[in-house]
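**Q** sequence unavailable; structure follows:
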């Protein structure tokens, strides 16, 4: 008699575990090709290193996995691939990002997600040793992902410059700042840039990409007011109608 309750509990736990695995496997985003890249390792306006971008790279990828993206289809990039050996990464460069995105998109063909966190300028975003211009990133994304639903998120100062080049009917484009504004939170002491912190905070509860963008933009505004950072960064969003129609809800939190 004493063994029956224990066996019942074990059976219930196994059933729950299998149910969570099934949810992950049936997530509409399980077959998306994903790249998450930390493009720089220097603090803003300082000649000292920062882990803010690498912290964001690692924890954005973890949050995506928890919302139904498959770890097998996620490639991470870092200026120092030895950082966080529990979250392996490759050395950041636009060429390497393009090669891995092409490779992943051949097997994970449902859609694409590209997330870059780094320093930026009105001319583009830092990706390793070079500055990647909007049209260069657009060529990489278009070449690998074609007309499938594609989300591109750029976390950097002046990252709004990427919106015109990346926007399209099948695209979701979210940037940390307007094309003429800085974003905040990449000093030596920051754990994450403000925008990345808000994405990480919002992913566990967001229903879908549009909801993620709304939550992140509200969160960024609150952080900037609290820290008295001005002028406001004003994150930018563009969602194409085909993306809005094709993209679905994230998997349940934790599943």
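**A** Now that the structure is in, tell me what you want to look at. Treat the numbers as computed from the prediction; the structure is a model and nothing was measured.
**Q** only C-alpha atoms from now on, for both contacts and neighbour counts.
**A** OK.
**Q** the closest residue to residue 249 other than its chain neighbours and residue 244, how far apart?
**A** Nearest non-adjacent residue to residue 249, counting by Cα to Cα, 6 or more residues apart in numbering: residue 208, 4.6 Å away. According to Cα to Cα, to the nearest Å, residue 208 and residue 244 sit 10 Å apart.
**Q** and for residue 153?
**A** Between residue 153 and residue 244 the distance is 16 Å, computed by Cα to Cα.
**Q** contacts only, for the residue nearest to residue 249.
**A** Applying Cα atoms under 8 Å, 6 or more residues apart in numbering, we find residue 208 in contact with 247-250.
**Q** those residues into TSV, with extra columns for pLDDT, distance to residue 108 and neighbour count?
**A** Shown next, in TSV, are the contacts of residue 208 (pLDDT from 0 to 100; distance: Cα to Cα, whole Å; neighbours: other Cα atoms under 10 Å):
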residue	pLDDT	distance to residue 108	neighbour count
247	85	15	20
248	90	16	14
249	94	18	16
250	95	17	23
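**Q** including distance to residue 75 and secondary structure, could those residues go into TSV?
**A** Output for the contacts of residue 208, formatted as TSV (distance: Cα to Cα, whole Å; DSSP: H, G, I helix; E, B strand; the rest coil):
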residue	distance to residue 75	secondary structure
247	21	coil
248	22	coil
249	22	coil
250	20	coil
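**Q** from these, which is closest to residue 65?
**A** Taking Cα to Cα as the measure, residue 65 lies nearest residue 250 of the contacts of residue 208, at 10.5 Å.
**Q** pLDDT score for the closest residue in space to that closest one that isn't next to it in sequence?
**A** Spatial nearest neighbour of residue 250, excluding adjacent residues (Cα to Cα, 6+ apart): residue 208 at 5.3 Å. Note on residue 208: pLDDT of 96.
**Q** how near is residue 208 to residue 145?
**A** Distance from residue 208 to residue 145, by Cα to Cα: 20 Å.
**Q** on that earlier part again, of all the contacts of residue 208, which two lie farthest apart?
**A** By the measure Cα to Cα, 247 and 250 form the most distant pair in the contacts of residue 208, at 9.1 Å.
**Q** what are the buried residues along stretch 181-189?
**A** By neighbour count with 16 or more other Cα atoms under 10 Å, stretch 181-189 contains the buried residues 181-188.
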